[in-house]
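Asker: everything below, folded, please.
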Amino acid sequence: MEKMYEVLRFVEKGTECQPSIDCLQGELLIYYLRDNTQLDKAVLFEWFRQIAGEIRKYQQSRRGQNYRCLTPYSIVVTEEGELLLLNPDAQENEFVMKKMQQKAVRSHFIRPTASGSRKNCSVDLFGYGKILQFLLAYTEQIPELSRSEERRLERIIERCTGGGRRHYDKISQVIRDLPEEREEWNLEQKVKLRNVKLAVLLFAAGAVIAVAGIGMGRGREGNNTVGKSETAVQAQKADDVKTIPEEHSETEQDRKKALEDMKWKKEMEERVQEILESVKACEKKIEETTKEENNGENKEEAEQTTEQQTEETAEKSVEEEIKQETKQEVINDPVVPE
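Answerer: Here you go, the predicted model:
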């Protein structure tokens, strides 16, 4: 159910960022996902960037100060699908801030104060990594994430929450590493484009072959006409000498027409051969390009796998942690309203 919330907006001018306050109608992220569990992958990736972008602008406007309360309760989804940060200092948002103080929320989204592998990440980076976990666990992505996208997001979450040897120092590094939906679509579009080009060539070849077939038929008709005309001339030679020039003229015209048809037929056959050779070359190029892309993708996956194995610890995979920890502590927790 949508309500009125006081949110933060930012105006960027060069290297400066000025905060402002806005009051608008929307729905808290945790409530929105309760009724919208299926998300287009492009929308989800855009949400990742919007949230990270709002955190970056907040820190820039506060000279590096952390937002410190990044949870599904502090993000508002507007009617236009925009994601904005709740103003934590607004009296109108006090009831929401109280929910964020509950143990289940704080234990999952707020960075622990204890030392350990998480000590090097900032409060906002930790919260952002947990938000990614929450969104991935709570939503069904359409289409599904690719293996490379899953691995990239796992590494991002680890570096945000301090789960690996390497960690992020600022949110701009996270934005740089976030996956983009158009990367996957570009490859698919390239394949579609190649298939369209091949289909056009095949269609052109079929059309030319059909026209050539008509031409061959015309050539055969011309040859038959020539044969009939020659027979007629020979039969009438003895009967009427005066008709010979006229018949001879008609025979010459038929022969000329037959020669033109044969020439045209030969040109069509040559054209068909050229198109078929182009189709064959196109098929070969598609096969080579596809092989190169597959090799490149396999190489990239191998590099990503090697890097992931280097960074992995004895803990469970992040994917399993997302499904188990998030659903147990947040989704099924009494904090989430019925």
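
Asker: buried set for stretch 81-92?
Answerer: If you call a residue buried by 16 or more other C-beta atoms under 10 Å, then stretch 81-92 has these buried ones: 82-88, 90. Quick note: C-beta positions are derived from backbone N, CA and C, even for glycine.

Asker: host element of K280?
Answerer: Taking DSSP states H and E as the criterion, K280 maps to helix 243-311.

Asker: how about I21, secondary structure?
Answerer: When the structure is split into helix, strand and coil by DSSP: H, G, I helix; E, B strand; the rest coil, I21 lands in strand.

Asker: what is the neighbour count of it?
Answerer: Neighbourhood size, I21 [other C-beta atoms under 10 Å]: 11.

Asker: that one and S146, how far apart?
Answerer: I21 sits 40 Å away from S146, going by C-beta to C-beta, to the nearest Å.

Asker: got it, and L132?
Answerer: Remark: distance between L132 and S146 (C-beta to C-beta) = 16 Å.

Asker: of those two, who's got more company?
Answerer: When L132 is set against S146 and neighbours are counted by other C-beta under 10 Å, the residue ahead is L132, at 25 against 15.

Asker: can you pull the pLDDT of the nearest residue to that one once chain neighbours are set aside?
Answerer: Excluding the flanking residues, the one nearest L132 by C-beta to C-beta, 6 or more residues apart in numbering is I157, at 5.4 Å. The predicted structure scores I157 at 96 on the pLDDT scale.

Asker: now name the helix or strand holding I157.
Answerer: Counting by DSSP H and E, the secondary-structure element that holds I157 is helix 147-161.

Asker: kindly report the same for L44.
Answerer: In the assignment (DSSP H and E), L44 maps to helix 41-61.

Asker: buried stuff in that helix?
Answerer: By 16+ other C-beta under 10 Å, the buried positions in helix 41-61 come out as 41-42, 44-48, 51-52, 54-61.

Asker: just want the angle from that helix to helix 147-161.
Answerer: Inter-element angle recorded for helix 41-61 and helix 147-161: 20 degrees (by axes from the mean of the first three to the mean of the last three C-alpha atoms, to 10 degrees).

Asker: so what does helix 41-61 touch, helix or strand wise?
Answerer: strand 3-13, strand 16-28, strand 83-85, helix 123-138, strand 140-142, helix 171-177, helix 181-236 (3 or more C-beta pairs under 8 Å, 6 or more residues apart in numbering; DSSP states H and E).

Asker: how about the helix or strand hosting Y32: buried residues?
Answerer: Secondary structure from DSSP H and E places Y32 in helix 29-35. For helix 29-35, the buried set under the neighbour-count rule, 16+ other C-beta under 10 Å, comprises 29-33.
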